[in-house]
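Participant: Here you go, sequence then predicted model.
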2 protein chains.
Amino acid sequence: MLVNSKQGNLISIRDRGLLYGDGVFRTIRALHGKAQHWPLHYQKLQHDCTALGIVCPDFALLSAELDRLLTQHPDGVVKLIVTRGLGMNGQGMRGYAPSAQATPTHIWDISPLPAYPVDRARRGIKARLCQLRLSQQPRLAGIKHLNRLENVLAAAESDDADIAEGLLMDAESNVIEGIRSNLFLVSQGKLITPDLSRCGVAGVQRDRVMAWASQYNMPLQVRDIRLDEVLHADEIFVVNSVIVLWPVRELEQRCWTAFPVAERIQHYFNEQSAR
Amino acid sequence: MLVNSKQGNLISIRDRGLLYGDGVFRTIRALHGKAQHWPLHYQKLQHDCTALGIVCPDFALLSAELDRLLTQHPDGVVKLIVTRGLGMNGQGMRGYAPSAQATPTHIWDISPLPAYPVDRARRGIKARLCQLRLSQQPRLAGIKHLNRLENVLAAAESDDADIAEGLLMDAESNVIEGIRSNLFLVSQGKLITPDLSRCGVAGVQRDRVMAWASQYNMPLQVRDIRLDEVLHADEIFVVNSVIVLWPVRELEQRCWTAFPVAERIQHYFNEQSAR
């Protein structure tokens, strides 16, 4: 664990990351000493910092620290947090308004890869529909920020170990994402993924699936999706940087048994990480 | 500063307060060694913890710690944070789902009272209308939780030192609150305050104003309010535990010069804290 480039696992109780959730984060898979798609993660980090007006730490600095971390822990889940830094200036001023002088805090943490059943990627997962509805906030949509109480409440709805993911709708009944993943539908030869301009988190794996579609000339639509369309899709699957890609085999009485497009993407992803 | 009953100003980078904003807080005014309205603050804390499924620390424990803190620092702004605690169990499990075994973290901090110009309470403040619109999330509405990025973004909109508060509307153009305060209107002998069942924070001072209205038989309405109604009110004022009560003398080209109801409430509040 590193906090502002120094070994450590503690931060100040006056850090705005704690006080207001005023920061962003990334979750990265480390494999054989290599952080998967690190440049893409940095791009997202930089985008998200800019959206909140936080100065993003330098790529070279973060890359060097990541290398140092991976030398000791070559495999696992790396979490990188960047907050706006301390919430008070020298005069003890406090409050929501961010100070232009604040120095961002950056934190590295690494933990073992969760022991997911291996057949989830092959046989697909059982998913559920969350009761909680995501609120719409265009100013924060797409950003992987630290205000994640909606995800916490949605995750708390079920402790059924058999259900591997919950799908979230917004207040207007658009299907948006999984609690910790992005969602794709395959329908009549097209790939469809929810529009994330009002809520949701736009992850790195979502971009990679979209890049795959472009490379293999599969038509792609980014737009609002209703539950009915999800349940009538030929395939649905969820992606994130740790699980990579899980097809869904069961959701709300609908079952799927074949995942040909999901398998093609998995194959492509496997080849990419093997290189 | 106390963290889990021990002197200190650091918490774990794996605390869910930082990772997800998974916690609640209170801001309390300390005056001559006495925490103003501490039992009311505790009630709110308990309510908010319950709403998130966090076990609220015991009243007796917190009261004893607060006394200890106030012996050293009799005057200032006390901040109390309660988070759901560490985000991983012994097996290194991580993720949004809260663990039933998590032990909440509780944090005390105290800082000097901000040096507000004294005439704000008497002459009133200049307020502005924020561009940011609050999102509607009934599951989190009213709760003083740690997901406060909307407040941060709203506060960042203006650095005009002459403007003491920003008023927030929701996406449907209801006026909800100030960035760090609750809002009241006086109109035709009635007191009106926004309905906070879809967004906003229901503070202790809001309850106190409502209790005053009940005690002095002033009709009170809690309901949706449009901007037009705010601008046509006989008086408007904002309240929180640190500023107590500031009348608004200027908002969007509308000026107010007399605050008879606000003054009556200020007088009542002053008498109460003098006791």
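Facilitator: The structure has been received and is ready for your questions.

Participant: Tell me where the stretch 51-200 of chain A has helices.
Facilitator: Counting by DSSP state H, counting those that start in this stretch, the stretch 51-200 of chain A has helices at residues A:59-72, A:119-123, A:149-156.

Participant: Which among those helices is found nearest to chain B?
Facilitator: Proximity to chain B (CB to the nearest CB) singles out helix A:149-156 among those, at 3.8 Å. Backbone N, C-alpha and C define where each C-beta goes, glycine included.

Participant: Kindly provide the distance from the residue nearest to A:Ser197 when sequence neighbours are not counted to B:Leu183.
Facilitator: Distance criterion CB to CB, 6 or more residues apart in numbering or on different chains; nearest residue to A:Ser197, sequence neighbours excluded, is A:Ala141 at 5.5 Å. When distance is defined by CB to CB, to the nearest Å, A:Ala141 is 27 Å away from B:Leu183.

Participant: ok, A:Ile192 - contacts?
Facilitator: A:184-186, A:220-223, A:225, A:229, A:233 (CB atoms under 8 Å, 6 or more residues apart in numbering or on different chains).

Participant: Who are the contact partners of the residue nearest to A:Ser197?
Facilitator: The neighbours of A:Ala141, taking CB under 8 Å, 6+ apart as the test, are A:196-200.

Participant: switch the cut-off to 6 Å
Facilitator: A:196-199 (CB atoms under 6 Å, 6 or more residues apart in numbering or on different chains).

Participant: Excluding covalently adjacent residues, which one is nearest to A:Leu19?
Facilitator: Closest to A:Leu19 by CB to CB, 6+ apart is A:Gly87, at 5.0 Å.

Participant: Please work out how many residues are found near that neighbour.
Facilitator: A:Gly87 has 26 neighbouring residues, counting by other CB atoms under 10 Å in any protein chain shown.

Participant: related to what we said a few turns ago, using PyMOL, define a selection of the buried residues within the contacts of A:Ile192.
Facilitator: Buried residues within the contacts of A:Ile192, by 16 or more other CB atoms under 10 Å in any protein chain shown, are selected in PyMOL with:
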select buried, chain A and resi 184+185+186+220+225+233
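
Participant: Narrow the contacts of A:Ile192 to those in helices?
Facilitator: Counting by DSSP state H, the contacts of A:Ile192 place A:Glu229 in helices.

Participant: out of the contacts of A:Ile192, which one sits closest to B:Gly8?
Facilitator: The shortest approach to B:Gly8 among these belongs to A:Phe184, at 45.9 Å (CB to CB).

Participant: picking that back up, take the contacts of A:Ala141 and write them to JSON lines, including distance to A:Glu263.
Facilitator: What follows is the contacts of A:Ala141, written out as JSON lines (distance: CB to CB, whole Å):
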{"residue": "A:Leu196", "distance to A:Glu263": "25"}
{"residue": "A:Ser197", "distance to A:Glu263": "30"}
{"residue": "A:Arg198", "distance to A:Glu263": "32"}
{"residue": "A:Cys199", "distance to A:Glu263": "30"}
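
Participant: Specify which member of those is nearest to chain B.
Facilitator: A:Cys199 (8.1 Å).

Participant: Run through the residues that contact that closest one.
Facilitator: A:134, A:136, A:141, A:170, A:176.

Participant: Report how many residues lie close to A:Val230.
Facilitator: Residues near A:Val230, counting by other CB under 10 Å, number 23.

Participant: Kindly confirm whether my reading is correct that it touches A:Ile176.
Facilitator: No. Using CB atoms under 6 Å as the test, A:Val230 is too far from A:Ile176 to be in contact (10.9 Å).

Participant: Between the two, which contacts overlap?
Facilitator: Common neighbours of A:Val230 and A:Ile176 (CB under 6 Å, 6+ apart) do not exist.

Participant: circling back: tell me which of the helices of the stretch 51-200 of chain A approaches A:Ala213 most closely.
Facilitator: helix A:119-123 (19.4 Å).

Participant: avg pLDDT for that closest one?
Facilitator: Mean per-residue pLDDT for helix A:119-123: 96.

Participant: So for A:Pro104, what's the pLDDT?
Facilitator: 97.

Participant: likewise the one 10 residues further on?
Facilitator: Confidence per residue is given as pLDDT, and for A:Pro114 that number is 90.

Participant: Now it. Its backbone dihedrals?
Facilitator: phi -60, psi 140 (degrees, to the nearest 10).

Participant: distance of it from chain B?
Facilitator: 7 Å (CB to the nearest CB, to the nearest Å).

Participant: Stretch A:235-247 vs chain B: in contact?
Facilitator: No. Counting by CB under 6 Å from any CB of the partner chain, chain B is not contacted by stretch A:235-247; separation bottoms out at 9.5 Å.

Participant: which residue sits closest to the most centrally placed residue in chain A, ignoring its sequence neighbours?
Facilitator: By CA atoms, centre = their mean, chain A has its centre lying nearest to A:Gly203, at 4.6 Å. The spatial neighbour of A:Gly203 that comes closest, neighbours along the chain excluded (CB to CB, 6+ apart), is A:Asn182 at 5.1 Å.

Participant: What number of residues are in the vicinity of that neighbour?
Facilitator: 24.

Participant: Phi and psi next, for the residue of chain A found nearest chain B.
Facilitator: Taking CB to the nearest CB, chain B has its nearest neighbour within chain A at A:Gly21, 3.3 Å off. Per-residue torsions, A:Gly21: phi 60, psi 30 (degrees, to the nearest 10).

Participant: ok so, going back, buried only: go through the contacts of A:Cys199 for me.
Facilitator: For these, buried by 16+ other CB under 10 Å: A:134, A:136, A:141, A:170, A:176.

Participant: how about the residue lying closest to the fourth one once chain neighbours are set aside, what does it touch?
Facilitator: Translated: A:Asp170. Closest residue to A:Asp170 in three dimensions, ignoring its sequence neighbours and counting by CB to CB, 6+ apart: A:Leu134, at 4.6 Å. Contacts for A:Leu134 (CB under 6 Å, 6+ apart) come out as A:150, A:168, A:170, A:176, A:199.
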